[in-house]
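Q: Provided below for reference: sequence and predicted model.
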Amino acid sequence: MDILTKQYTIGKSLVINRIGLGTMRATTGAGLWGEPTDRQAVIRVIRKAYELGVNFFDTSDAYGPGCSELILAEAIEPFRHEVIVATKGGSVKYAPGKIFASGKPGYLKTAVEASLKRLNVEAIDLYQLDDVDPEVPIEESVWMLATLKKQGKIKEIGLSNVKPAQLRLAQGITEIVSVQNSLSITNQTHLDFAKACAAENIAFIAYCPTAMIDTDKAPKYRKKAAELGITLPQLSLLWLLRKSSNIIPIPGTSSEKHLQENLAVWQLEPSVLS
């Protein structure tokens, strides 16, 4: 397909297809605490995503906590060297729905070591600071990640839930190859930030890409989707893919049906894609 760019290279060598899979659903869903009710169903969705062309999977040590990384590692084991795995650290979950940011260098070092074990890898493809700790300068947090990268435990470094000014501070310490913030057709708060990242060859990983945040606008978009003969989530994904080639939506789902619908955007008629 020529109308939309299907691939993007994160950093120097992480070549990914531009719709990834977020694995936050690899938990109970209730406060993102504990194992999912059907572990094998989650594994089937992850493996189906790979069959349908997904080669970029995003997780976090806070999902579960730890459950999502363990399940993802099990699911991708047959094709581990054919996919890119991104995880996040710096958010401490201590009870269902209860979480706080911890950017202390010592904590991040421990978190990376734990993620390496859960993911069963020698180096994490993309490690993202999950949130900025208001008690710790972001430079200190990123310094530790840069140190771990030099040690070969991290291949590339990204940030999540950050503002442009925080990105600038982090860039003063090391190369930042990605930013992960929320972005969808009804939640365009970070759209300008995403475009600014594109100018610096920084990937913008869009979480909650199909979320209908602005309910006042939802009827308008539902009408547009109906006119095009597509679903509202498909419309949001198309909108993101068109806005900038560095935007990588990572919709999450526990349903194979919804997964297939999301990825079907690549097979839509040219008149819809243009």
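A: Arrived safely, thanks for sending.

Q: Okay, helices next: where are they in the stretch 1-150 of the chain?
A: For the stretch 1-150 of the chain, the helices defined by DSSP state H, counting those that start in this stretch cover 39-51, 67-76, 105-119, 138-150.

Q: and those helices as CSV, adding mean neighbour count and mean pLDDT?
A: Placement of C-beta: from N, CA and C, glycine included. Putting the helices of the stretch 1-150 of the chain into CSV (neighbours: other C-beta atoms under 10 Å; pLDDT from 0 to 100) gives the following:
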stretch, mean neighbour count, mean pLDDT
helix 39-51, 17, 97
helix 67-76, 23, 97
helix 105-119, 18, 98
helix 138-150, 19, 99
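
Q: Now those in JSON lines, please, with extra columns for distance to Tyr8.
A: Listed next are the helices of the stretch 1-150 of the chain as JSON lines, based on distance: least, C-beta to C-beta, whole Å:
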{"stretch": "helix 39-51", "distance to Tyr8": "17"}
{"stretch": "helix 67-76", "distance to Tyr8": "20"}
{"stretch": "helix 105-119", "distance to Tyr8": "22"}
{"stretch": "helix 138-150", "distance to Tyr8": "20"}
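
Q: Distance check, Lys48 against Ala264.
A: 13 Å (C-beta to C-beta, to the nearest Å).

Q: now do Phe100
A: 39 Å.

Q: With Pro96 instead?
A: Distance from Pro96 to Ala264, by C-beta to C-beta: 34 Å.

Q: One more: Ala199?
A: Ala199 is 31 Å from Ala264, by C-beta to C-beta.

Q: Comparing the two, which shows the higher neighbour count?
A: More crowded of Ala199 and Ala264, by other C-beta atoms under 10 Å: Ala264, with 14 against 9.

Q: What score does that one have for pLDDT?
A: We have a pLDDT of 95 for Ala264.

Q: pretty sure it contacts Pro233?
A: No. The criterion here is C-beta atoms under 8 Å, and Ala264 misses it with Pro233 at 10.4 Å.

Q: Run through the bridge partners of the residue nearest to the spatial centre of the chain.
A: Nearest residue to the geometric centre of the chain (C-alpha atoms, centre = their mean): Asp58, 4.4 Å. Using DSSP bridges, the bridge partners assigned to Asp58 are Gly22, Ala86.

Q: Which residues are in contact with it?
A: Gly20, Leu21, Gly22, Thr23, Ala86, Thr87, Lys88, Gln180, Ile205, Tyr207, Ile250 (C-beta atoms under 8 Å, 6 or more residues apart in numbering).

Q: these two touch, right, the first one and Thr253?
A: Pointing back at Gly20 there. No. Using C-beta under 8 Å, Gly20 is not in contact with Thr253, being 12.0 Å away.

Q: between the two, who's got more neighbours?
A: Taking other C-beta under 10 Å, Gly20 and Thr253 do not tie; Gly20 has more neighbours (25 against 20).

Q: Leu259 is nearest to which of the helices of the stretch 1-150 of the chain?
A: Taking C-beta to C-beta, helix 39-51 is the member of the helices of the stretch 1-150 of the chain nearest to Leu259, at 5.9 Å.

Q: Other residues contacting the closest one?
A: Here helix 39-51 makes contact (C-beta under 8 Å, 6+ apart) with 21, 23, 25-26, 36, 57, 71-72, 74-76, 78-79, 82-83, 253-256, 259-260, 263.

Q: Now which of the residues you listed would you call buried?
A: Listed as buried from those are 21, 23, 25-26, 36, 57, 71-72, 75-76, 83, 253-254, 259, 263; burial here means 16 or more other C-beta atoms under 10 Å.

Q: Closest one to Ser115 out of these, please.
A: Leu72 (10.7 Å).

Q: show me the contacts for the closest one.
A: Leu72 makes contacts with Thr23, Ala26, Ile46, Phe57, Thr59, Val85, Leu119, as judged by C-beta under 8 Å, 6+ apart.

Q: now do Val162
A: Applying C-beta under 8 Å, 6+ apart, the residues near Val162 are Leu129, Val132, Ile138, Ala170, Val179, Asn181.

Q: Pull the most distant pair out of those.
A: Ile138 and Asn181, at 14.8 Å, using C-beta to C-beta across these.

Q: hey, where'd the helices end up in the stretch 151-274 of the chain?
A: 164-171, 191-199, 218-228, 232-243, 256-263, 270-273.

Q: Fine by me, thanks again.
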